[in-house]
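Enquirer: predicted model, plus sequence, below.
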Amino acid sequence: MTSNYTDIKNIFVDGEVFDYVNLDKSAYAYERLVQTLDKPLKLILFFGKPGTGKTFLLQKIYNDYKDKKDIVFFPRPFFDEIEFLEALYKAVFNENSPKFAGYNDFLSISSEKLQDKKSVTVLMDEAQLYPEELIEKIRLMSDSRKFKFLFTVHKTEKEDVLAKDYFQTRIWETIELHNSSLNEIKTYIEKKMIFHNKFEYITIFKDSHYKLMMKTTKGNLRTINKLMYKLFEILEYYDINKPSEVRGKALKSKFLEMAAINLGMINV
Amino acid sequence: MFNAEGIIELEKKWLSYKTKQRSKLSIFIIFALVIFTFASYQVYSNLYIVKNIPKEKAIKAPVVLIDKPLIAKPTVKKEINSTKNTLPNEKKIDLITLDKIESKEKNNTIISTLYIKNKKLVNEINTTSNKDINITISKKLKILKVNYKPYFFKLEPTDQGSELFTSNGFLALNVPLQIKEVPPVKIKKQQVIETIRSLTETTLKKKEPNKISIDSKEVDTIKYLKEKYYATSSIVFALMLAEEYYYEKDYKNSLQWALTANDDDSQNTKSWSWFAKAKVKLGQKEDAIRALKAYLSNNNSKRLSTLLRKIELGDTNDK
């Protein structure tokens, strides 16, 4: 048996579906990032708390500019220098990489191939996971002006130190992405629904629901996705097994609370 | 997708969560109610206290134990008999305080101020019986703070209108009493003693002989009497103030205080007496005559009849 809620819950599968929702904060960050990429900078630091939408933003920039600029996006980190250099070569020149002895080797070959071309922009997600030595090599590569790197870093207690101490002296531009506000959460959910043609389900959420979402997720988009997925999973069960419970236009707060309890966002 | 067991488990957790939430809410409501009740009680209590600030019980008459005229000397010793705490109008004495202050006088007598509350007077006298007590009015009197009672009179004391004297002889008082800071006035000892004595003579009677010697000093009598009046709202102090001002030749104030006293007890002949006397001194002899006649038309008073006669004869002698 299937339910109407089955499709909706899949909208909120994090990372699987790319449907970038343009929120106020992300629109601002997007504009700044695009402007920064046009500047003659060597390194850019883009940071924010986990789940604020950094990856999605990078993904959007990549999708928007991949046909217009020389741009490369690495959504997952590299821990080995050679592996990174080979992946970069393949992404930039669209051909299999030769064997590199080290980054000097890579730099000389790629500089020769690039010649008078404008610098290649490399978007690197989860940059805090890259080994320190590799980061140092990347910095030296940026000095060649053949490559421009955008590091995306999680801003947590621990990683904040990394962002400050390690990158600060070399980063020429920093951009921060904050958590979403109550209105942004509302916009996010509504746009997600509209994007997937689920207009009729937008009205099930009331202000009290959004407030509860804000309270439990602290405006973290990734957590909101999890909560929404769980909510629609619960609704899916009731829709199939106890349809009388989910009748009516408005969502019962009970289901949202159950979802939050199940995810440990509410302690019982 | 969830299975039935998973949902049942989740529902149980949700119920537990709601129960906790409701109990928290109940505790909060109870706590808020307790706080509210307590706060309300406090507010009510404060209002009640403010409303019922224990006014000094009205002193109906001061009692000063003197049975013979005092001689105006720095130190005067007189035999004073104990009193009967009743006034002609049968109002009891509420408060008299006794405050003994040592004197630097030659005879080392004790300066005292009497404040005796009800029967305390008798006790005080009993304990000091057969002893000489030097009495004086001290400058350092402990005056209780009280709210000033605004007094209103229906007519200005100087009003010549017919309202001034009602058909039943009551003075209708409706003029706000202007409380003025009176500069300290040094009065003659004789006047202080006379003031006290004149009231005492009419209000007190002998109970049993007690030898009390009185030591008088120069004090700001008016200030003291005003403070006492505002503290007690007693007609006695109003009358004393009327008398004090009269002898200070401040007849306007004397008139006001006579009216104040009359407001408190319109049957008190002294208030009529001081009113009439002050009116005469202010050159409003006709008012004085009309007032006394109005009173005497409904009441009998030998004192006021005599006074009326004297005024009509043009006798302005204060004695």
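Expert: Received, thanks.

Enquirer: okay, helices next: where are they in the stretch 101-250 of chain A?
Expert: A:103-114, A:132-143, A:157-161, A:182-195, A:207-217, A:221-241 (DSSP state H, counting those that start in this stretch).

Enquirer: return the most buried member of those.
Expert: Of all the helices of the stretch 101-250 of chain A, helix A:221-241 has the most neighbours on average by mean count of other Cβ atoms under 10 Å in any protein chain shown, namely a mean of 22. From N, CA and C alone the C-beta is placed, and that goes for glycine too.

Enquirer: just checking, what packs against it?
Expert: For helix A:221-241, the contact count by 3 or more Cβ pairs under 8 Å, 6 or more residues apart in numbering or on different chains; DSSP states H and E identifies helix A:4-11, helix A:182-195, helix A:207-217, helix A:253-262, helix B:4-51 as packing neighbours.

Enquirer: give me the mean pLDDT for it.
Expert: Averaging pLDDT along helix A:221-241 yields 92.

Enquirer: now do it: distance to the chain's middle.
Expert: 21 Å (Cα atoms, centre = their mean, to the nearest Å).

Enquirer: export the helices of the stretch 101-250 of chain A to TSV and tack on distance to B:Leu304?
Expert: Formatted as TSV, these follow (distance: least, Cβ to Cβ, whole Å):
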stretch	distance to B:Leu304
helix A:103-114	125
helix A:132-143	114
helix A:157-161	97
helix A:182-195	86
helix A:207-217	84
helix A:221-241	97
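
Enquirer: which of the ones you listed has the lowest average pLDDT?
Expert: helix A:157-161 (a mean of 53).

Enquirer: quick one: A:Val92 and A:Asp70 touch, right?
Expert: Yes - taking Cβ atoms under 8 Å as the definition, A:Val92 is a contact partner of A:Asp70 at 6.9 Å.

Enquirer: overlap in contacts, these two.
Expert: A:Val120 (Cβ atoms under 8 Å, 6 or more residues apart in numbering or on different chains).

Enquirer: do I have it right that B:Leu10 meets B:Phe2?
Expert: Yes - contact criterion Cβ under 8 Å: B:Leu10 and B:Phe2 qualify, at 7.5 Å.

Enquirer: circling back: more neighbours, A:Val92 and A:Asp70?
Expert: Neighbours were counted for A:Val92 and for A:Asp70 using other Cβ atoms under 10 Å in any protein chain shown; A:Val92 has more, 20 against 17.

Enquirer: and for the closest residue to that one other than its chain neighbours, the neighbour number?
Expert: Distances taken as Cβ to Cβ, 6 or more residues apart in numbering or on different chains put A:Val120 closest to A:Val92, at 5.3 Å, once the chain neighbours are dropped. Other residues lying near A:Val120 total 19 when counted by other Cβ under 10 Å.

Enquirer: tell me what A:Val120 is bridged to.
Expert: For A:Val120, the beta-bridge partners are A:Phe147 (DSSP bridges).

Enquirer: wait, it touches A:Leu150, no?
Expert: No - using Cβ under 8 Å, A:Val120 is not in contact with A:Leu150; the gap is 11.4 Å.

Enquirer: could you list the contact residues of chain A toward chain B?
Expert: Applying Cβ under 8 Å from any Cβ of the partner chain, we find that chain A lies next to chain B at A:6, A:233-234, A:236-238, A:241, A:254, A:257-258, A:261-262, A:266, A:268.

Enquirer: looking at the chain, which helix or strand does the model trust least?
Expert: In the absence of a named chain, chain A is used. None of the helices or strands of chain A scores lower by mean pLDDT, DSSP states H and E than helix A:157-161, at a mean of 53.

Enquirer: switch to chain B, please.
Expert: Quick look at chain B via mean pLDDT, DSSP H and E: least confident is strand B:110-113, a mean of 38.

Enquirer: quick one: the residue of the stretch 101-250 of chain A found nearest chain B from A:Phe255, how far?
Expert: Residue nearest to chain B within the stretch 101-250 of chain A: A:Tyr237 (4.2 Å; Cβ to the nearest Cβ). Going from A:Tyr237 to A:Phe255 by Cβ to Cβ, to the nearest Å gives 10 Å.

Enquirer: then A:Met141?
Expert: Distance of A:Met141 to A:Phe255, computed by Cβ to Cβ: 51 Å.

Enquirer: alright, calling it a day.
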